[in-house]
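K.L.:
give me coordinates for this.
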Amino acid sequence: IATAADVPVIEDDIYGLFSKDEAVPLSVTHPDNTILVTSLSKTVAAGIRVGYIVADAALLPRLRDEMFTLGWTAPSLQMAFATRLIESGRALQCLERHTAEAIRRIDMAHRILGKALHPVDKVPSYHVWVETGATRPGDLSAELYRQGILVSPASHFVIGEGPAPHALRLSLGQAPDAQTLQLPLELIAHRLTDNVTSMLGSIV
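P.N.:
Just a heads-up that it's a prediction; the model follows:
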């Protein structure tokens, strides 16, 4: 549809390195009409604020002009550091460690939260969705906030006027290690069960 309408597709591949070769970017199958945007900050090192664009050569002058208009330039020192990381193979080592840690945290979340966790497959990621059932996500997120646990209700991510799913978005990457993450996950699981029990009791 985009090709027929001559509208370029912007492919946000910021976490794409986690998928390795399992997901082929659109820019590979439709290179003439796709602009792929990625970065090292989410999958290699948070402190490296360097991004990359892959696009057809015909689109590059327009992209360059737009970036200059917005004042977006990468610091030369960070660019040099990022290039050295990639060429030396260290970036790949960082990616492998991040992938292993993300899988470790996903496994823990699955073990503690069970069927409420989505997606059900264990794709490496530092973000997951938790279904809240009949409990309103806003109420649950406010309750967790009072216990020092910050989560986001799905309504924060809805585009348009449609209803938001009964779900919370959890960041698994904020905790310094997996052990620190365990207690907050257990409290969330307890609150989900506790709210369901309370609701059933009120119906009875």
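
K.L.:
so which residues of this protein form helices?
P.N.:
26-29, 60-70, 76-88, 90-113, 137-146, 178-203 (DSSP state H).

K.L.:
mean confidence for stretch 161-170?
P.N.:
Averaged over stretch 161-170, pLDDT sits at 90.

K.L.:
who touches it?
P.N.:
109, 118, 127-137, 140-141, 151-158, 185, 188 (C-beta atoms under 8 Å, 6 or more residues apart in numbering). Every C-beta, even on glycine, is put in place using the N, C-alpha and C of the backbone.

K.L.:
mind redoing it with 10 Å?
P.N.:
Applying C-beta atoms under 10 Å, 6 or more residues apart in numbering, the contact partners of stretch 161-170 are 109, 113, 116-118, 126-138, 140-141, 144, 149-158, 181, 184-185, 188, 192.

K.L.:
quick one: residue 36 and residue 29 touch, right?
P.N.:
No: the criterion here is C-beta atoms under 10 Å, and residue 36 misses it with residue 29 at 11.4 Å.

K.L.:
more neighbours, the two?
P.N.:
When residue 36 and residue 29 are compared on other C-beta atoms under 10 Å, the one with more neighbours turns out to be residue 36, at 19 against 8.

K.L.:
what are the bridge partners for that one, then?
P.N.:
residue 11, residue 54 (DSSP bridges).

K.L.:
so what's residue 140 up against?
P.N.:
By C-beta under 10 Å, 6+ apart, the contact set of residue 140 is 130, 132-133, 151, 153, 166-168, 188, 191-192, 195.

K.L.:
between the residues you listed, which is nearest residue 78?
P.N.:
residue 151 (31.5 Å; C-beta to C-beta).

K.L.:
burial count for the closest one?
P.N.:
Neighbour tally, residue 151, other C-beta under 10 Å: 17.

K.L.:
right, and residue 46 touches residue 173 too?
P.N.:
Yes: assessed by C-beta under 10 Å, residue 46 is found in contact with residue 173 at 8.8 Å.

K.L.:
what is in contact with the two at once?
P.N.:
Joint contacts of residue 46 and residue 173 (C-beta under 10 Å, 6+ apart) are residue 98.

K.L.:
coming back round to it: of all the helices of the chain, which lies closest to residue 54?
P.N.:
Among the helices of the chain, helix 26-29 sits nearest to residue 54 (C-beta to C-beta), with 5.4 Å.
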